[in-house]
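Trainee: A structural model of the following input is requested.
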Amino acid sequence: MKAKAPGKKTKSVSAVTFGADTAFLQQHTEVIVLSDRAGKAQVAVAPAWQARVMTSTSAGAGGASYGWINRKLIADGKLQPHINVYGGEDRFWLGPEGGQFSIFFAPGAKFELSDWYTPPAIDHLPFAVTRQSKTTAKFRSRFGVGNYSGTRFEVVAEREVKLLTAKSAAEKLGAKIGAGVSVVAYETVNQLSNAGAQPWEQATGLLSIWILGMFNPSASTTVVVPIKPGPVKELGPKVTADYFGKIPAERLAVGGTAVYFRGDGEFRSKIGISPKRSRAVLGSYDAAGKVLTIIQFTQPEGATEYVNSLWKLQKHPYAGDAINSYNDGPPTPGAKSLGPFYELESSSPAAALAPGEKLTHVHRTIHLTGPVADLDAIALSNLGVSLAEIQSALPAA
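Mentor: Residues are numbered from 1 along each chain as shown. Next up is the predicted model:
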């Protein structure tokens, strides 16, 4: 699999304003905007698209819009057969994507893109608003979904989007946020309940909560995933990097304590980090825009059974990832890409739930922009590496 030749440069995250993105979205769907008192930190949520966070900003309507939004598809208004890539920097999905317990492939389907379909409930169907305030909004949906092996799940999904204060963000980061740094921080509290009469069991397949954030790519953006060091015999491989074929060396670097992955939206590729290697944090840095993004999520201590989303029948269907990152690009030479965008993702453990039982997964997004020295200190304390290390990990694009 060869790297895509350089083409049209992807724009930086700072090229579009939050006000412009929000105004566009409001032309096509209901938008709930959460805001702090000053109107600087804002988050735009679309109930019709599974209550996904479409975008956010740390500098008000005129500030940079951090989420990637698919304006062309949204403006067209036509449902697509395989997936409706509306965009959004925090969307609710369910796993697994591939394997004998996949909910994206019908029984007997081939594990190929032509047979891959996103379940409507996590693609284009709405979540109902159950509560709303200036800084929080709650949502709910009840639906059914089937897997490749023929198991049917009755599901209740609940979701709360919460805008965090700068003080709370600093506490979550365990670092000081300098006066010159602008920040927007929010978290989604995601819950999955077994609404059926039968328990969900490993033998017939389990679900997991899967949160994916889509962001504007650029040639200067690098994804960073801290990993636990240690022998492969005990912790397994540092990274899974063969989802869509081999990733060229100039796009992926694996160090002793961190994995670096290019987020330019120019080459379709994906990486995964197992729960044994995961530190429950990942991020990205856009060096041109001076935007540091930190993703934190809940990872229950000792939990090792995560659904496996590789596109093949599997010997180990519960040896999946806690963290994923996807870089968009043409699926085949000459084909159109979905975006372009790049993704930062987290997953819950596999949900072996009795009827009425519930699993909760929290996914937190923090965007910071400001003086490099301030961002560097935050990167060191949360990702374990400096901005200089991030920028030098991969060759210049």
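
Trainee: and the longest helix for this protein?
Mentor: Assignment by DSSP state H gives helix 372-383 as the longest helix of the chain.

Trainee: ok, the nearest residue to Ser278 once chain neighbours are set aside - how many residues close by?
Mentor: Using CB to CB, 6 or more residues apart in numbering and skipping the chain neighbours, the partner closest in space to Ser278 is Ala322 (4.1 Å). Quick note: C-beta positions are derived from backbone N, CA and C, even for glycine. Ala322: 25 surrounding residues under other CB atoms under 10 Å.

Trainee: isn't Ala322 right next to Arg279, touching?
Mentor: No - using CB atoms under 8 Å, Ala322 makes no contact with Arg279, being 9.5 Å away.

Trainee: Give me the contact list for stretch 157-169.
Mentor: 34-36, 41-43, 45, 50-51, 53, 90, 92, 121, 127, 135-143, 172, 177, 183-193, 364, 366 (CB atoms under 8 Å, 6 or more residues apart in numbering).

Trainee: just the buried members of those?
Mentor: The neighbour count (16 or more other CB atoms under 10 Å) marks 34-36, 41-43, 45, 50-51, 53, 90, 92, 121, 127, 135, 137-141, 143, 172, 177, 183-193, 364, 366 as buried among the contacts of stretch 157-169.

Trainee: what's the spacing between the residue of the chain most remote from its centre and Gln296?
Mentor: Distance to the chain centre peaks in the chain at Ala197, reaching 31.2 Å (criterion: CA atoms, centre = their mean). Going from Ala197 to Gln296 by CB to CB, to the nearest Å gives 36 Å.

Trainee: tell me the contacts of the residue nearest to Ser278?
Mentor: By CB under 8 Å, 6+ apart, Ala322 lies in contact with 273-275, 278, 280, 299, 306, 346-347.

Trainee: Buried members of those residues into ChimeraX, please.
Mentor: In ChimeraX syntax, the buried subset of the contacts of Ala322 is picked out as below (16+ other CB under 10 Å):
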select :273,274,275,278,280,299,306,346,347
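
Trainee: Let me have the contacts of Ala322 in JSON lines, adding secondary structure and pLDDT as columns.
Mentor: Output for the contacts of Ala322, formatted as JSON lines (DSSP: H, G, I helix; E, B strand; the rest coil; pLDDT from 0 to 100):
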{"residue": "Ile273", "secondary structure": "strand", "pLDDT": "98"}
{"residue": "Ser274", "secondary structure": "coil", "pLDDT": "97"}
{"residue": "Pro275", "secondary structure": "coil", "pLDDT": "98"}
{"residue": "Ser278", "secondary structure": "strand", "pLDDT": "98"}
{"residue": "Ala280", "secondary structure": "coil", "pLDDT": "98"}
{"residue": "Gln299", "secondary structure": "coil", "pLDDT": "98"}
{"residue": "Tyr306", "secondary structure": "strand", "pLDDT": "98"}
{"residue": "Ser346", "secondary structure": "strand", "pLDDT": "98"}
{"residue": "Ser347", "secondary structure": "strand", "pLDDT": "98"}
